[in-house]
Structures are given as C-alpha cells and as structure tokens.
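>>> I'll drop the sequence and a predicted model, then ask my questions.
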Amino acid sequence: MGGKRLRHDSDFQLKKNKRGYGMKNRQKNLLDEERRKYVEWVNSVLKSHKAATLKEYRISFDLCRSTGEPVYRWLEFAFSRRVQILELDLSPTIMNWRPWSKTYAFPEELLTRTSGGASILEPASCIDFKSLKALSMRFVNVSGEAIEFFLRTCPFLEKLVVHNASELSNLEVCGSSLALKHLELQSCHNLTSIKVSAPNLTSLTLPNVKGLLLENVPMLVEVSVSCVCTVDPGEKLLVALSGRIFQLESLSLVLPFYPEAGDFLSMFPQLPKLKKLVINYTVKDKESFIGLTPLMWACPNLQEFVFESICDEPSRLLRRKVKKNPLKVAHEHLKVFKFLGYCGSSSDLEFVRYILENCIALEKLIIDTHFQVKMGRAIHCQELLDIDQSTRTNVDLQLPLVVVPKHIDFVLL
C-alpha cells in the first residue's frame, strides 16, 4: 500500500534559566499560546490534504486533556485513511511533570459501536484498523481494554509502544496469530500484572510489575526490564525469564541499589548467546561497581557493555569506595565498553581499570562524564552545570592515571 507521510513535529522548547523553571505563569501562558498555534497549524495541513491513504502519521507536541477535541479529529482522520504507522507523542516540554488528571485520554469512542443500547469495543463500520502496523503512544492515558482492542483488530500490528499511561493496571498481550514483534511499555506506574504470549515477539521492554508471565515467546531475543521499587527483583525476574533467558542476545536491566544486589547477580544463569548488556544502576555511597561483574561473567560471548551510573544525590558522587583485589576474569569477546555518568570517583576508576585489564579484545572505550539525573528528581540547570564542571575537573586529574593501549579507540565525552 502506498500513501503519504504526515509528521507534525515542533521544535518549541521552554527555555530554562539559572534558577530552574522560574516565571511559571509567563511560561504557562507561552505554552498555551504555542498549543493554540500548533492546533491551528495541524488543522490547516489536514484541511489541504487530499491523499486517500496514509503510510505514516505523527503528532509530537506538549498537548494535554484540554486539547482533546482536535486530537480526536486528527486520530479520526488518520484511521479513516488506513494509516500504517501512527505515533502520538504528547510528552511534556518541561521537567515539571504534568499531573495525570491533565494527561490526554485516548478516545475509546473511536473504537466503539453501539449494540442494543450499549457501547462495546468493536470497530465502527466507517473505520478500518486492519492496515495498522505500528502504534506508539507517549503520555496518553490508554486503557488495557483499548490496547487489547488494537491487538485483536489489527492483524498486521508488529510494533506497540506505550509510555506513561497511568490507566494501565492489568494487560494481556496474547494470541497465537499475533504478528507483534516489538512490545515496549515504560513508566506505566499503575501496571501491576502483564501476561505475554506472542509467537513472533522478538523485543520486549517492561516496567516494574508485580506479576509477569511469559508464554509462547520462542523468538524473543531482546529484553529490557526495570527492577526499580521491587523488594526482590532478582528472584521475580529470573522466574519470569526461566526457559527463555538462554536465548537472549540483548539484555537491559534498570537496577536500584539494595543490599542483596550481589546475591541477585551471582545467581544469574549463563547467557551463552548474549552479545549486548546494558545496566542502568542507581548508586549509593560506600560501594564498588566490581560487585556488578558477576553478571559479566555469566555472559561468555558478550561483545558490548553499556553501564549507566545514576546518582540520586550529587553530594555522594565522590564517596564511592573500591574493592580490594577484585577477582580477575578474562572477557575474551568484549569489544565495546561505554560508561555513562563517570564522575571521577575511585570506584569509577577501579571499574575502568578492571575492564582494561580483563577485556583482552576491547576495541573501543567510551567515557561520558555528564551527570545522569535520576528519573523523577528535579535538578536546577545551574546545579547541573556545576556538577558537570566539577566532574570534568576530577576526570581531567584522574584519567592520566589510566593507561589505555594505543590500539583501543578512546572517546571522552
């Protein structure tokens, strides 16, 4: 099927000053005015659009519940033209998080028809959803029933992305005939349980959930899981992945600090096919990153390792300690190591030295010294600049102590 691509993107950004996000009333008025202009612009584009089909339709702007009526019309426009790729990104422009009560709610009346005086989630006769191949919704309150409607009604749907949907609580992504290959759910904080049974699924991204059940996912090779706010993340994760963990080629874990982290990592089974490992780790003071190496040992064929160090309190950045005489294990296939949030602490230096000494095939070392802000933590612009400047000073003094072999491509950001 042919068709046009319509992408309503805007480069509008509210400017930050040295005191953070001051002058809130003035900025709110500015944002309201820009929203009005954006709605008028999109309406004018759609009014002149004559194509009978759409290959791709994208809405990307800081819109909220008050703009519900025009967004409804835009979605109706896209579905009526048998859109194949639909992206609705209403993410806030500023760091002051939008209240859930003001988040745009997906209009389920688009998906309903009346039968015997009652509304049921079935396709309306005037709209054909069968052409949809990819659906992405960010900062859109969409229910589990609506998501399951799309899974049930769109036989060619291969990609489903949902971010920051507060209404999601329980979800089933199940069906022997599902074409779904990529499922991504992030920051859905009220989601408590999810069941996945999708024979063509290759990539899965999930937030922290109490109940996770995976069935019939023989093609699954890429998993990203958040273990934040979980008392025993290791046990639940391993149980959910049991029987599938050996087939993984890429694994991404968001890990909080907790006393039993070492036990969790040491009990990880071998991942013989894993080629890429990403660890997003919230650190505390008085700990060494060497405690994370058991996860590397479980990946004998690892080729790329991305480590992101997140600190909840900037004052703790340089307190981290080292672990004396860490165990030396050869990682024979690791070619790329990237360290995000390197601040120049002794444990940071220790971890880089461990990589250089034990990864005999290393070809590229990337160190990013920019402070990694913990999600949900507000930080003023000036504070962030001060941290980055202090970190870079520490790094400039410290890195000359690191001997990087000439054959390794060393990148400092």
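Nice, thanks for sending it over. Residues are numbered from 1 along each chain as shown.
>>> any idea how far residue 268 is from the residue nearest the centre of the chain?
Taking C-alpha atoms, centre = their mean, the centroid of the chain lies closest to residue 186, which sits 5.7 Å from it. Between residue 186 and residue 268 the distance is 23 Å, computed by C-beta to C-beta, to the nearest Å. From N, CA and C alone the C-beta is placed, and that goes for glycine too.
>>> equivalent analysis for residue 68, please.
Applying C-beta to C-beta to residue 68 and residue 268 gives a distance of 46 Å.
>>> before we move on, what about residue 251?
As judged by C-beta to C-beta, residue 251 and residue 268 stand 10 Å apart.
>>> how about residue 165?
Taken as C-beta to C-beta, the span from residue 165 to residue 268 is 31 Å.
>>> between those two, which one's more packed in?
residue 165 (29 against 19; other C-beta atoms under 10 Å).
>>> export stretch 57-68 as PDB, just CAs?
The C-alpha coordinates for stretch 57-68 follow below in PDB (Å, rounded to 0.1, in the frame of the first residue of the first chain):
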ATOM      1  CA  TYR A  57       1.100   9.900  10.800                       C
ATOM      2  CA  ARG A  58       2.900  11.500  13.700                       C
ATOM      3  CA  ILE A  59       1.700  14.100  16.300                       C
ATOM      4  CA  SER A  60       4.500  15.400  18.500                       C
ATOM      5  CA  PHE A  61       3.900  18.300  20.900                       C
ATOM      6  CA  ASP A  62       3.100  19.000  24.600                       C
ATOM      7  CA  LEU A  63      -0.600  18.600  24.500                       C
ATOM      8  CA  CYS A  64      -2.900  17.800  27.400                       C
ATOM      9  CA  ARG A  65      -6.500  16.900  28.100                       C
ATOM     10  CA  SER A  66      -7.800  20.400  27.200                       C
ATOM     11  CA  THR A  67      -6.900  19.800  23.500                       C
ATOM     12  CA  GLY A  68      -8.900  16.600  23.400                       C
END
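>>> check what contacts that stretch and list those residues.
Stretch 57-68 has contacts (C-beta atoms under 8 Å, 6 or more residues apart in numbering) with 5-10, 12, 31, 35, 38-39, 42, 71, 74, 77-78, 83, 85-94, 98, 101-105, 107.
>>> can you list the weak-confidence ranges in the stretch 101-250 of the chain?
By pLDDT under 70, the weakly predicted segments of the stretch 101-250 of the chain are 113-126, 228-238.
>>> can you pull out the strands in it?
In the stretch 101-250 of the chain, the strands defined using DSSP state E, counting those that start in this stretch lie at 112-115, 118-121, 134-138, 159-163, 170-174, 182-186, 193-197, 203-206, 211-215, 222-226, 250-255.
>>> contact partners for residue 195?
Listed by C-beta under 8 Å, 6+ apart, the contact partners of residue 195 are 171-174, 213, 215.
>>> between these, which has the most around it?
residue 171 (24 neighbours).
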